[in-house]
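Engineer: here are the coordinates; sequence isn't available:
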């Protein structure tokens, strides 16, 4: 025990044992507060409709059932088409958004770029002031033709000025200008310098920004509400929103795909909503570990200066 205490005291960031215990307890409580709601959703999705009617939501339901997932799978075309739409929008939108973010941020990062201050002010100004919903809809729908197509779900949130500034800051703290100047002296072009020298070094920052863009696209449903009327283009989140607003919308959607084998009066609406929530959360939960190592690496970038 004395050896452990002595080893702890040698650390630069050493704290007392009681303080460390308290911090671990606080972090454990915070972690549980994030995990427990999702576990509760999974339990409700496996709870029978009779148990929900009799006892309400509970961590220990009186009876279990797979009817919610069976009903979700019977939705067939509607559910899986929405799932495909969300995945396609997230993948394509994230790739394009990250590319735009890298190009814009790199221009603000280079001190020898003549218009860097203008574009930095332009990005900052749009964070402070917006045109409003009505002008945005008019521009997107009437001028850009963003209506009933995938572009309407990708283009409006493809540019994020805040993440541009975050990416520029990451470039400044992780990319030495001497490295860029050396590449230029050796005859490297701008695009070659960016994609073969700067981007590999900035992977942690790019992964962090990419994760934030992916979360924004995956959770987006308002754009579908404004611009989409074609049911084949509904993302999964918009389908869930319809289910939450009204059971009648759900019944109409089920009738549209011809689910004659489901008794609408006995359909597990509450459990089905939770089952769809599970479908929504699982892809992001599975994708996060692939980004985690880059995010953790990004925390230490800039700790050592030239």
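Structural biologist: Cool, the structure landed. Quick caveat: nothing in here was measured; it's all calculated off a predicted structure.

Engineer: all strands of this structure, in order?
Structural biologist: With DSSP state E, there are no strands along the chain.

Engineer: show me the domain layout of it.
Structural biologist: What automatic domain parsing lists as the domains of the chain is 2-68, 74-300.

Engineer: let me have those domains in CSV, extended by mean neighbour count and mean pLDDT.
Structural biologist: C-beta: built from backbone N, CA, C; applies to glycine. Formatted as CSV, those follow (neighbours: other Cβ atoms under 10 Å; pLDDT from 0 to 100):
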stretch, mean neighbour count, mean pLDDT
domain 2-68, 13, 77
domain 74-300, 16, 81
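
Engineer: how close does residue 285 get to residue 277?
Structural biologist: Separation of residue 285 from residue 277 (Cβ to Cβ, to the nearest Å): 12 Å.

Engineer: what do you get for residue 184?
Structural biologist: Residue 184 is 51 Å from residue 277, where distance means Cβ to Cβ.

Engineer: go on, residue 221?
Structural biologist: Taking Cβ to Cβ, one finds residue 221 at 13 Å from residue 277.

Engineer: same thing with residue 136?
Structural biologist: On the measure of Cβ to Cβ, residue 136 and residue 277 end up 29 Å apart.

Engineer: same check, this time on residue 197
Structural biologist: For residue 197, the distance to residue 277 - Cβ to Cβ - is 43 Å.

Engineer: residue 61 now?
Structural biologist: 17 Å.

Engineer: likewise residue 229?
Structural biologist: 25 Å.

Engineer: contacting residues for residue 144?
Structural biologist: 151, 155 (Cβ atoms under 8 Å, 6 or more residues apart in numbering).

Engineer: give me phi/psi at it?
Structural biologist: phi -100, psi -10 (degrees, to the nearest 10).

Engineer: same question, residue 234
Structural biologist: Main-chain dihedrals, residue 234, degrees, to the nearest 10: phi -60, psi 130.

Engineer: I'd assumed residue 83 was in contact with it.
Structural biologist: No - using Cβ atoms under 8 Å, residue 234 and residue 83 do not qualify as a contacting pair, with a distance of 10.3 Å.

Engineer: how about the helices in the stretch 151-300 of the chain?
Structural biologist: 151-154, 161-174, 177-185, 190-193, 199-201, 203-219, 222-227, 236-245, 247-256, 269-300 (DSSP state H, counting those that start in this stretch).
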